[in-house]
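Participant: sequence? don't have it. structure:
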Ligand SMILES: [Zn+2]
Ligand SMILES: [Zn+2]
């Protein structure tokens, strides 16, 4: 991490530790110290309506299995993004991912994940965050998916395996890969991490910040099933709304 980024981070941490956040993280309006104003909280008060989502990948539509899942059944049992990836939800995700402002968003999303799980019919035994790209880790120093995952796992008293999977590496680590692993690498797949063996027989909850086409979630699910996981459910803070999903103006 660059020196000025480190200094900025340290400064922000100090400010955060000394004073509550008086302005909303999403819109900058005064918020009385909670970090999120009432308007933004109201915008984030409802999840995407379940009855409109593809039951498998969570893509918004008419509530039936979407064409993509019909053509190729995903490896995960179900995937959901809680909020549309726009407005306040998008700002929170970006603050968590790139601005080192992960405390308020991580707390917010961990609570919403717990709320979603309390109403969903998902059986889970372990929590795994989608691993970050090495370039993100080097630049920002943390995995944004792992922070709410840690809080959720703690509050549900479930084991957390942040190193169950790893993204294919570069340089030396690449040299040590087997042929099959290199092929997987070329496909953009995930490799077993040092905690990969812990997944055997487990029903895993995979957490990420944004669900787009579900390709990343599917690649992680495939890798975890190969490691012996019994099933994989995917929960993300937001679901990116593809252009064709947006309601058209009449
Ligand atoms: Zn706001
Ligand atoms: Zn689908």
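Facilitator: Thanks, I have the structure now. Just so it is clear, the model here is predicted, and its values are computed rather than measured. Ligands and ions are numbered 1, 2, ... in the order given.

Participant: Phi first, then psi, for the one residue sitting closest to the centre of the chain.
Facilitator: Centroid check for the chain by Cα atoms, centre = their mean gives residue 208 as the closest residue, at 1.1 Å. Main-chain torsions, residue 208, degrees, to the nearest 10: phi -150, psi 170.

Participant: How about it, nearest residue that isn't a chain neighbour?
Facilitator: residue 130 (4.2 Å; Cβ to Cβ, 6 or more residues apart in numbering). Any C-beta I mention is one placed from the backbone N, CA and C, and that applies to glycine too.

Participant: and that neighbour, what does it touch?
Facilitator: For residue 130, the contact set (Cβ atoms under 8 Å, 6 or more residues apart in numbering) comprises 145, 165, 206, 207, 208, 216, 217, 220.

Participant: how close does the first one sit to ligand 2?
Facilitator: Residue 145 sits at a distance of 21 Å from ligand 2 (criterion: Cβ to the ion, to the nearest Å).

Participant: follow-up on the earlier one: which residues are in contact with the residue nearest to the centre of the chain?
Facilitator: So, once contact is read as Cβ under 8 Å, 6+ apart, residue 208 ends up touching 129, 130, 145, 216, 217, 234, 235, 236, 237.

Participant: is it possible to export those residues to CSV including pLDDT, distance to residue 91 and secondary structure?
Facilitator: Below are these laid out as CSV (pLDDT from 0 to 100; distance: Cβ to Cβ, whole Å; DSSP: H, G, I helix; E, B strand; the rest coil):
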residue, pLDDT, distance to residue 91, secondary structure
129, 96, 21, strand
130, 95, 21, coil
145, 90, 17, coil
216, 91, 22, helix
217, 94, 23, helix
234, 98, 23, strand
235, 98, 20, strand
236, 97, 16, strand
237, 97, 12, strand
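
Participant: Show me this protein divided up by domain.
Facilitator: 1-43, 48-245 (automatic domain parsing).

Participant: list the contacts for residue 63?
Facilitator: Residue 63 neighbours (Cβ under 8 Å, 6+ apart): 51, 52, 53, 54, 55.

Participant: Tell me which of the domains of the chain is the most buried.
Facilitator: domain 48-245 (a mean of 18; mean count of other Cβ atoms under 10 Å).

Participant: hmm, that domain touching ligand 1?
Facilitator: No. When contact is scored as Cβ under 5 Å from the ion, no part of domain 48-245 falls within range of ligand 1; the minimum is 6.5 Å.

Participant: now for whichever strand or helix holds residue 152, which elements pack on it?
Facilitator: Using DSSP states H and E, residue 152 sits within helix 146-156. Applying 3 or more Cβ pairs under 8 Å, 6 or more residues apart in numbering; DSSP states H and E, we find helix 146-156 packed against helix 103-119, strand 126-129, strand 203-211.

Participant: Which stretch among these approaches ligand 2 most closely?
Facilitator: strand 203-211 (10.8 Å; Cβ to the ion).

Participant: any idea of the mean pLDDT in the closest one?
Facilitator: Strand 203-211 shows a mean pLDDT of 96.

Participant: Do a quick rundown of the helices in this protein.
Facilitator: 3-18, 38-43, 67-71, 87-98, 103-119, 134-140, 146-156, 171-175, 179-186, 215-226 (DSSP state H).

Participant: Which other helices and strands does the longest one contact?
Facilitator: If I follow you right, that is helix 103-119. Using 3+ Cβ pairs under 8 Å, 6+ apart: helix 103-119 touches strand 78-84, helix 87-98, helix 146-156, strand 231-239.

Participant: could you dump these to JSON lines with distance to residue 114?
Facilitator: JSON lines is the format used below for the helices and strands packed on helix 103-119 (distance: least, Cβ to Cβ, whole Å):
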{"stretch": "strand 78-84", "distance to residue 114": "11"}
{"stretch": "helix 87-98", "distance to residue 114": "16"}
{"stretch": "helix 146-156", "distance to residue 114": "6"}
{"stretch": "strand 231-239", "distance to residue 114": "10"}
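
Participant: which stretch in the helices of the chain is the model least sure about?
Facilitator: helix 171-175 (a mean of 47).

Participant: Perfect, that will be all.
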